[in-house]
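**Student:** Sequence and predicted model, in that order:
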Amino acid sequence: MEAKEEQEVGEAHHLPRIGEPAPDFEAESTFGTVRLEDFRGSWLIFFSHPADFTPVCTTEFAAFAEIQDELKQINVNLMGLSVDSVMAHIAWVRNIEEKFGLEIQFPVIADSDRKVAHLYGMIMPGESKTETARCVFVIDPDGILRALIYYPMTTGRNMQELLRLVRALQTTDEHTVSTPANWQPGDTVIVPPPRTQELAEERLREGYDCKDWYFCQKAV
Amino acid sequence: MACLPSDDVLGSTGVSVLLTLTIATTLEDVAQKTGLPLFRVRGTVRRLLEAEFTHQVGQMYEITPAGIEKLEQEGENPDIDDISL
């Protein structure tokens, strides 16, 4: 990348990190000014999309609208972002309601100056220097970033995976466990492996379902 | 890039939040009374504070005389007998 180009995209290469506080911001949205701190006490799925009034993005917003009630039941909020203006956002969500019969009940940030986009590394210059990619940030009630997913502009995201991811993280926090590949709510979970020889020896006598001392599962 | 300044209409959310603040109330109680998500209450109360329609009393928030006047301008009738101003 040319030096001038790199300077222009600058912070685009800095991704927030899992396990660290999600970067704070204040931004204009379809619900007025929002701050990340407004969401403390609840989980947040903060996602970006490339552009309003485009087909893949519209399918995603419709899909988010279909899970928003389920997310509320498990204390999860949604917030979207693109670089389009708040007027464009308002027109688009009204269009979605009219054409698809779905009400968008979450705020959508109008990040016209790309401040938040750069803070969160949402711009992928190889795809577009101006529009945000399809990014998802899962932020916990303490404001810590717990997971991030990046999808290309061409590929709509899977809402069931986002639901599964949040439920897995909530299960981890509630029971101090990990979740295995393809875990679904109700499946057994992974017991944290022992970290000393003594505990490894004792593990096999603790009543878990174990393949070996490091690989044990249980129901929650 | 607005060609006109925004008006200062409260909107139904602002009105419903302000109406709950006729008695000093916490944000969590406002959320419970209005059915609004807490993040929305926080943002709305912040705007009401900036407009001086409410003021903070410890961990609680309460409507100001300017807030009462605003509600009346918007056709709402807060029960001022309950207001501890």
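**Tutor:** Nice, I can see it. Numbers count the residues shown, from 1 in each chain, chains lettered A, B, ... in the order given.

**Student:** Work out which residue lies at the spatial centre of chain B.
**Tutor:** Of all residues in chain B, the one closest to the mean position by C-alpha atoms, centre = their mean is B:Leu18, 2.6 Å from it.

**Student:** hang on, that residue in a strand?
**Tutor:** No: going by DSSP: H, G, I helix; E, B strand; the rest coil, the assignment for B:Leu18 is helix, not a strand.

**Student:** Scan chain B for its longest helix.
**Tutor:** helix B:38-50 (DSSP state H).

**Student:** Then chain A?
**Tutor:** From DSSP H, the single longest helix across chain A is helix A:55-73.

**Student:** what number of residues lie near A:Asn77?
**Tutor:** A:Asn77 sits with 23 neighbouring residues when counted by other C-beta atoms under 10 Å in any protein chain shown. C-betas here are computed from N, CA, C, even on glycine.

**Student:** Next: A:His175.
**Tutor:** Residues near A:His175, counting by other C-beta under 10 Å, number 13.

**Student:** Does it touch A:Ile190 like I think?
**Tutor:** No: when contacts are counted by C-beta atoms under 8 Å, A:His175 is not listed as touching A:Ile190 (10.4 Å).

**Student:** how about the residues of chain A that lie near chain B?
**Tutor:** Chain A has residues A:31-35, A:37-39, A:41-42, A:72, A:77, A:85 near chain B, with proximity defined as C-beta under 8 Å from any C-beta of the partner chain.

**Student:** hmm, which of these are the buried ones?
**Tutor:** A:Phe31, A:Gly32, A:Val34, A:Asp38, A:Phe39, A:Gly41, A:Ser42, A:Asn77 (16 or more other C-beta atoms under 10 Å in any protein chain shown).

**Student:** Helices - which of these land there?
**Tutor:** Per DSSP H, those never map to helices.

**Student:** and the two most separated of those?
**Tutor:** A:Gly32 and A:Gly41 (19.2 Å; C-beta to C-beta).

**Student:** how about A:Met193, what does it touch?
**Tutor:** No, residue A:193 isn't Met; it's Pro. A:Arg203, A:Trp213, A:Tyr214, A:Phe215, A:Cys216 (C-beta atoms under 8 Å, 6 or more residues apart in numbering or on different chains).

**Student:** Near chain A, which residues of chain B are found?
**Tutor:** So chain B meets chain A at B:Met1, B:Pro37, B:Leu38, B:Phe39, B:Arg40, B:Arg42, B:Gly43, B:Thr44, B:Arg46, B:Arg47 (C-beta under 8 Å from any C-beta).

**Student:** change it to 6 Å
**Tutor:** Neighbours of chain A within chain B, by C-beta under 6 Å from any C-beta of the partner chain: B:Phe39, B:Arg42, B:Gly43.

**Student:** got CSV for those, with neighbour count and pLDDT too?
**Tutor:** Output for the residues of chain B next to chain A, formatted as CSV (neighbours: other C-beta atoms under 10 Å in any protein chain shown; pLDDT from 0 to 100):
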residue, neighbour count, pLDDT
B:Phe39, 24, 97
B:Arg42, 20, 97
B:Gly43, 24, 96
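
**Student:** Take those and write them to JSON lines, including distance to B:Ile68.
**Tutor:** Output for the residues of chain B next to chain A, formatted as JSON lines (distance: C-beta to C-beta, whole Å):
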{"residue": "B:Phe39", "distance to B:Ile68": "26"}
{"residue": "B:Arg42", "distance to B:Ile68": "22"}
{"residue": "B:Gly43", "distance to B:Ile68": "22"}
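
**Student:** for these, which one is nearest B:Ser12?
**Tutor:** For those, the nearest to B:Ser12 is B:Gly43 (14.6 Å; C-beta to C-beta).

**Student:** what about A:Val116, helix or strand, and which?
**Tutor:** Taking DSSP states H and E as the criterion, A:Val116 maps to helix A:115-119.
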